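Student: this one's sequence-less:
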């Protein structure tokens, strides 16, 4: 397998209901994970992008969270509808999606 240009970590953390930190699981991360995986397979971009589910990458109150390396860009409040833009603009185009980036005081 060739080294991909970008590695995407999609938080899939689930915590019990009422947990003080919350979790991406309670904010719809499963459909975001599914959309990332589906688009990754449809686009056949296995050599360019690696998609991995992860546990907590914080900040939980702003989830679902997505972390992209090597740039170290953290996206927050990501929805299923945002995944196409992240793929087109950042993962394949090289330009981070500014409107989805976590605030500078968070990341």
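Tutor: Now that the structure is in, tell me what you want to look at. What you see is a predicted model; the values in this text were computed from it and never measured.
Student: For stretch 71-78, give the mean pLDDT please.
Tutor: What stretch 71-78 shows for mean pLDDT is 97.
Student: In that stretch, which residues are buried?
Tutor: 73-76, 78 (16 or more other C-beta atoms under 10 Å). C-beta coordinates here come from the backbone N, C-alpha and C atoms, glycine included.
Student: chain center to it, what's the gap?
Tutor: 6 Å (C-alpha atoms, centre = their mean, to the nearest Å).
Student: what sits up against that stretch?
Tutor: Identification of contacts with stretch 71-78 by C-beta atoms under 8 Å, 6 or more residues apart in numbering yields 6, 32, 57, 59, 62-68, 82, 86, 90, 96-97, 100-102, 106-107.
Student: Look at it and report the distance between its end residues.
Tutor: End-to-end distance for stretch 71-78: 18 Å, by C-alpha to C-alpha, to the nearest Å.
Student: Identify the farthest-apart pair in the buried residues of stretch 71-78.
Tutor: In the buried residues of stretch 71-78, the most distant members under the criterion C-beta to C-beta are 73 and 78, with 11.6 Å between them.
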